[in-house]
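Asker: could you look at this predicted model? Sequence included:
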Amino acid sequence: MKWLIDLFTSSLGRKLLMALTGLFLISFLVIHCTINAMIFYNDGGTTFSHWGHFMGTNPVIRTLEVGLVAGFLIHIFQGLLLWKRNHQARPVKYSVSKDPKSTWYSRSMGLLGTLLLLFLIMHTSHFWIPNRTHQFTQGEELPLYNMMFEVFSNPWVVFFYVVGCVSLFWHLLHGFASAFQTLGLNHLKYNGIISFIGTAFSIIVPFLFALMPIAVYLKWIN
Amino acid sequence: MKITLKVWRQKNRTTKGEFKTYQHEHVSPDMSFLEMMDVLNTELIKKGEEPIHFDHDCREGICGMCSMYINGHPHGPLQTTTCQLHMRTFKDGETITVEPWRAQAFPVIKDLVVDRSAFDRIQQAGGYVSVNTGGVPDANEIPISKNIADEAFDSAACIGCGACVAACKNSSAMLFVSAKVSQFALLPQGHAERKERAEKMVAQMDAEGFGNCSNTKACEAECPKAISVSNIARLNREYFSAMVSSYKVTVGGGE
């Protein structure tokens, strides 16, 4: 077992964990975004609630949810640890840094991740935590569709949700392709398609997410 | 040309350094950056001051000694070594800030000179092919495709200057280590020791206190030898496959 510990405590192994959990969280975003986009049917929440109920009660999904929480925790703690170590690797900073030859968002994954963490705390305390607590104590789900209208009636909440989505866009724009590079999946034949899918994904998913609170607030959905 | 130089002066490893400003009145646009430093140092010596210490050796862009962080970039604004950087790159009257490489693993020895022996220790950990004695093998005895030969050669072009570490916001040595692992991993001669090599060189890299790669690709953009980050992906592949598949043979019998 020593080799396994050596692997995941090495600098490359820690990055491997970041990449694997990152891609797992990306796969979660696909499901989350698809189901939430059901509100755009504008059918009074019938389709949305049907799938919401499935996600909240299906035993397979509920088991995977444990993995999802673990994925989030590993990604967050490993990310913060790497950020700390990377800072320690340069104790004296440069006095001049101009025209850097890398993108600002690739250098700011820690900052963007922290913004996403703050968003995640706000978002889960709006929906996921109260819903699961209610399920656990009362044995039944909360009316998420109605709660959404209540939460998104506050313009500040809508604003912070949009900020969260913008942070997600920049985080994914670097993170998606970066995960493949860390996994060693770099090949002239496939680099183009990975980068294309990564860019498309990081635009489409955060855009759809941001549209949800805006659409509710502006009463495009009722 | 007239130049104002802000240079990092530090007496030794333990003392705290600071910037000192020098007015340089006699700069020819055709001078290399190092020649400009030589002229300044001659003036300092004449004045009885301590000259500015900096590393240099070949002065033709292949030794990787001239580690200067100039105006926010390793080896200055061009993607080259400091010795191949000419003063015509700068404007007349410009203020140029010169700092040493900044990394925990590259401690400053004096002024602009840093200790890059961490790279030597990584190389010694596995960056070689064990050569057994015997007759010289025939040339072209082992067929290697042109693609692979070119790629290995490009990786081997790394001069170990440390610009990747200096450019990286995390002071990561991944580009250097990946180039050194790649040049052997690509060729049949390097295959015998490839797993051991990847494991040992990465372990040494971590022990030296370099940061972690976050794929910003600043290293590739600043590397004077244009080493590609595809080497880093290869190092990741080499390391992961080595870690999950390598084993030590324990001789049975006896105990």
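Answerer: Structure's in. What do you need?
Asker: run a quick neighbour tally on residue 155.
Answerer: In the absence of a named chain, chain A is used. Using other C-beta atoms under 10 Å in any protein chain shown, residue A:155 has 10 other residues around it. (C-beta placed from N, C-alpha, C; glycine too.)
Asker: should've been chain B
Answerer: Using other C-beta under 10 Å, residue B:155 has 24 other residues around it.
Asker: that one touches residue B:179, doesn't it?
Answerer: Yes - taking C-beta atoms under 8 Å as the definition, residue B:155 is a contact partner of residue B:179 at 4.7 Å.
Asker: for the helix or strand bottoming out on mean pLDDT in chain B, which outside residues touch it?
Answerer: When the helices and strands of chain B are scored by mean pLDDT, DSSP states H and E, helix B:188-191 comes last with a mean of 91. When contacts are defined by C-beta atoms under 8 Å, 6 or more residues apart in numbering or on different chains, helix B:188-191 is touched by residues B:129, B:142, B:144, B:183-185, B:197.
Asker: go on, stretch B:241-255?
Answerer: A:3, A:6-7, A:10, A:13, B:194-196, B:198-199.
Asker: circling back to that earlier point, out of the contacts of helix B:188-191, which are buried?
Answerer: B:183-185, B:197 (16 or more other C-beta atoms under 10 Å in any protein chain shown).
Asker: for these, which one is nearest chain A?
Answerer: Of all the buried ones among the contacts of helix B:188-191, residue B:185 has the smallest distance to chain A: 11.7 Å, by C-beta to the nearest C-beta.
Asker: mind checking pLDDT for that closest one?
Answerer: The confidence metric pLDDT takes the value 96 at residue B:185.
Asker: ok, now residue A:141?
Answerer: Predicted confidence (pLDDT) for residue A:141: 91.
Asker: would it count as being in a helix?
Answerer: No - Residue A:141: not assigned to a helix; according to DSSP: H, G, I helix; E, B strand; the rest coil it is coil.
Asker: pull the number of nearby residues for it.
Answerer: Quick note: residue A:141 (other C-beta under 10 Å) scores 15 neighbours.
Asker: I'd assumed residue A:131 was in contact with it.
Answerer: Yes - in this structure, residue A:141 is within contact of residue A:131 by C-beta under 8 Å, at 6.2 Å.
Asker: now do the shared contacts for these two.
Answerer: residue A:56.
Asker: helix or strand next in line after the least confident helix or strand of chain B, which one?
Answerer: Beyond helix B:188-191 in the direction of the C-terminus, DSSP states H and E gives the next helix or strand as helix B:194-207.
Asker: what about that next one, near chain A?
Answerer: Yes - applying C-beta under 8 Å from any C-beta of the partner chain, one finds helix B:194-207 touching chain A at B:202-203, B:205-206.
Asker: just the strands in chain B please.
Answerer: B:3-9, B:18-24, B:69-70, B:73-74, B:95-99, B:108-110, B:113-114 (DSSP state E).
Asker: so for the fourth one, mean pLDDT?
Answerer: Summarised as a single mean, pLDDT over strand B:73-74 is 97.
Asker: quick revisit: joint contacts of residue B:155 and residue B:179?
Answerer: B:227, B:231.
Asker: looking at the stretch 1-150 of chain B, which residue is nearest chain A?
Answerer: Of all residues in the stretch 1-150 of chain B, residue B:72 sits closest to chain A, with a separation of 4.2 Å (C-beta to the nearest C-beta).
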